[in-house]
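1. I need the structure of the sequence given here:
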Amino acid sequence: MANSIKRIRTVALVGQAGSGKTSLAEALLARAGAIPAAGSVERGTTVCDYTPLEKELQHSLKLAIATFPVKADGDEVRIHLLDTPGYPDFLGHALPALAAVETAAIVINAQNGAEMMTGRFMQWAQKRNLDRLIIVNKIDADNVDCEELLVRIQQTFGRECLPLNLPAAGRSKVSDCFFTPAGDADFSSVEEAHRRLIDQVVEVDEKLMERYLEKGEVTPEELHEPLERALREGHLIPVVFTSAKTGAGVQELLDVMVKLLPNPTEGNAPVYTATPAAGGEPKDLTPLPDPGKHALAHVFKIEIDPYIGRVAVFRVHQGRLTANMQLYIGEGRKPIKPGHLYMLRGKTQTEVHEAIPGDICAIAKIDEIQFDHILHDSPEDAQVHARPLELPTSVFGLAVQPKKRGDEQKVSDVLHKIAAEDPCFYIEHNAQANETVMRGLGEMHLKAVLAKMSSQYKIELDTKPPAIPFRETIGAKAEGHSRHKKQTGGAGQFGEVYLRVEPLPRGKGFEFVDAVKGGSIPNQFIPSVEKGVRSVLDSGFVAGFPIQDVRVVVYDGKSHPVDSKDVAFMSAGRKAFLDALAKARPIVLEPIVNVDIVVPEERMGDIAGELSGHRGQIKGSDSPRPGTVQISAQAPLSELEHFPARLKSLTAGHGSYSLEFSHYEAAPPQLQQKLAAAHKPQAEAE
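-> So this is what the prediction gives:
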């Protein structure tokens with residue numbers, strides 16, 4: 001069994017859209033003999049882009065898994081390959097792949113070089129302590145300078161990015177620089193590249209370094225352990241060259257996966273956290289890739305298939321899972337029996353009897369399983385969680401309503417299904433504006449959701465820009481007091497509350513502190529005071545927006561042995577909070593977003609003018625490839641409503657952008673006054 005774990009590899013193909021990840025997955029599957037021939041994205045015949053919408057749009061919209069065997073030295077190695085979408089709008093499907101693998105393979109389009117998403121995936125993979133591999137794909141394309149590209153990769157990501165092979169024979173094949181360093185290359189020399197690799201690897205092992213300096217050579221066997229360590233520590237980031245189209249370097253990439261990439265016992269173990277049953281601070285927990293331990297598996301993908309229902313895809317980190325074993329879901333107390341376990345190759349499911357550490361498998365038709373759940377076989381592990389993924393905040397919104405009256409429930413059901421599949425898509429109801437808003441990472445993200453609803457579920461929606469998600473907070477400390485007293489014939493109501501409010505740093509939310517001494521408010525009524533305070537948070541104070549970044553400290557009060565009731569302290573808590581808010585310089589906050597824009601160079605001035613005219617600030621610019629410029633800026637979300645249309649017209653459709661929530665900051669005084677004035681008549685009517 002331990003030997004089987006060592007014959008597993010988990011690799012996520014990540015990177016900018018257009019780098020050819022799906023085509024590369026096809027080439028690898030075909031070369032390994034898992035499929036008869038490589039399919040084509042253009043013809044809609046690939047293993048990983050299998051939904052009708054992906055075939056129509058000709059790019060990936062979701063994370064796909066392709067598990068396949070590779071014969072190596074008489075053994076069979078099982079590779080779990082994860083193909084991810086590359087547009088920033090679909091990060092909710094791409095980033096979860098990093099929680100399931102030992103290696104992140106960052107794919108670069110040789111024509112375009114290191115683009116915006118290349119750098120971001122490098123950072124995300126590094127943050128999660130993954131081994132990293134850079135794959136330069138499309139080396140067969142026109143106007144490709146691999147030598148210059150390698151220099152730029154090293155300048156951008158560090159000198160530890162070293163080639164394992166080099167393009168040769170006019171980029172029609174590659175020459176190995178590691179296993180059997182012989183042959184010619186289009187630039188540099190194989191011997192030179194080999195020497196640099198060895199120099200880099202031996203640096204992590206002092207004894208080996210001494211031997212190397214004495215003898216001048218080390219064997220591949222001696223290099224295995226230090227190489228794994230160099231990959232784990234990020235001391236070496238191998239670079240390989242391929243063309244999914246011509247097949248150049250594809251066999252060599254398979255060899256690298258099998259011989260050099262870590263198995264589940266070699267990569268950096270993921271971090272889980274466990275909250276003690278008796279309460280207290282969560283503790284870090286490292287799962288062990290040991291099939292003899294109790295089972296821990298992390299659900300990193302949910303797909304709701306129109307025919308077979310909910311499919312939960314998970315990575316086993318510890319123990320082993322079998323088809324009919326008893327499993328618990330997250331904090332749930334009721335066990336399930338999966339019935340069937342599947343390995344996936346695109347939409348093809350192959351039933352298996354067990355899954356061991358390192359395996360990526362799926363369970364179907366169990367509705368209780370949600371994204372990010374832990375599956376385990378021991379009730380004691382109910383408080384174990386995976387380290388959270390740092391997913392971007394979804395700020396791009398559309399207010400939606402069904403075109404057909406009576407479809408409201410159907411629309412709600414479908415939107416919740418889509419939200420279950422995509423951790424960066426969610427639905428909110430804005431009671432103030434009485435609108436249902438779907439939020440995602442960008443225009444393309446929400447367009448794909450609308451297209452899916454139309455094609456798969458036959459639902460058409462009317463859309464309009466939503467109300468902006470303003471928030472409220474306070475600018476100063478203040479005290480509040482309220483006495484609630486009611487006498488109506490029989491038993492009365494009495495409760496008195498003293499509290500103070502103070503601002504918290506941005507993004508800290510809300511804190512309620514019980515600082516009552518001597519029982520002036522009996523313990524059983526403190527939750528009622530908190531309930532009263534919290535009832536104000538959603539409805540706001542100045543302009544009807546939710547209140548955040550506030551600490552409320554209840555420090556005194558009075559009670560009555562007969563007349564004090566929950567309802568009295570709830571009312572007193574609410575009114576005392578409103579009293580304090582009035583004195584605490586309440587302000588309206590507006591959402592500020594990071595905007596990344598890629599445009600033709602000659603349009604930079606127009607775009608800069610457009611942004612500054614809408615209170616935007618340019619933070620920096622870069623040239624990802626000749627003729628284009630990438631502008632990084634920040635702007636208030638409320639000012640960007642018409643930006644997509646303006647960008648399209650200014651760049652004749654050649655510009656692209658992505659939004660990412662940054663922070664909240666105080667809105668300008670005139671905007672605050674306008675929002676407060678608009679809220680006043682509504683508040684008076686209520």
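2. Could you measure from the spatially closest residue to residue 138 that is not a sequence neighbour over to residue 558?
-> Closest residue to residue 138 apart from its sequence neighbours, by Cβ to Cβ, 6 or more residues apart in numbering: residue 110 at 4.7 Å. For glycine as for every other residue, the C-beta is placed from the backbone atoms N, C-alpha and C. Distance of residue 110 to residue 558, computed by Cβ to Cβ, to the nearest Å: 75 Å.
3. Looking at these two, which is more packed in?
-> The residue with more neighbours, out of residue 110 and residue 558, is residue 110; 23 against 14, by other Cβ atoms under 10 Å.
4. Isn't that one up against residue 146?
-> Yes - the pair formed by residue 110 and residue 146 meets the contact definition of Cβ atoms under 8 Å, at 6.5 Å.
5. Check the contact lists of these two and give me the overlap.
-> Shared contacts of residue 110 and residue 146 (Cβ atoms under 8 Å, 6 or more residues apart in numbering): 136, 139, 241.
6. measure the residue nearest to residue 138 to residue 482 for me?
-> 69 Å.
7. For this structure, which residues score under the pLDDT cut-off?
-> Residue ranges of the chain with pLDDT under 70: 1-3, 432, 489-490, 624-625, 681-686.
8. Let's see the distance spanning stretch 37-47 from one end to the other.
-> Start-to-end span of stretch 37-47 (Cα to Cα, to the nearest Å) is 11 Å.
9. Show me the contact partners of that stretch.
-> 22-23, 25-27, 29-30, 35, 49, 54-56, 58-59, 64, 66, 244, 345-346, 348.
10. 7 Å - rerun?
-> Stretch 37-47 is contacted by residues 22-23, 25-27, 29-30, 35, 49, 55, 58, 66, 345-346 when judged by Cβ atoms under 7 Å, 6 or more residues apart in numbering.
11. And the residues you listed, which of them are buried?
-> 22-23, 25-27, 29-30, 35, 49, 66, 345-346 (16 or more other Cβ atoms under 10 Å).
12. Show me those that map onto helices.
-> Using DSSP state H, the subset of these located in helices is 22-23, 25-27, 29-30.
13. With distance to residue 636 as added columns, please give these in TSV.
-> Formatted as TSV, those follow (distance: Cβ to Cβ, whole Å):
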residue	distance to residue 636
22	37
23	40
25	40
26	44
27	45
29	47
30	49
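14. Check those and tell me the two furthest apart.
-> Using Cβ to Cβ, the two most remote members of these are 22 and 30, lying 12.8 Å apart.
15. Show me the common contact partners of those two, please.
-> With Cβ under 7 Å, 6+ apart, residue 22 and residue 30 have no common neighbours.
16. Just to check, residue 243 is in contact with residue 138?
-> Yes - in this structure, residue 243 is within contact of residue 138 by Cβ atoms under 7 Å, at 6.1 Å.
17. Between those two, which contacts overlap?
-> With Cβ under 7 Å, 6+ apart, residue 243 and residue 138 have no common neighbours.
18. Quick check: residue 369 vs residue 336, distance?
-> For residue 369, the distance to residue 336 - Cβ to Cβ - is 8 Å.
19. try residue 499
-> From residue 499 over to residue 336 (counting by Cβ to Cβ), the distance is 46 Å.
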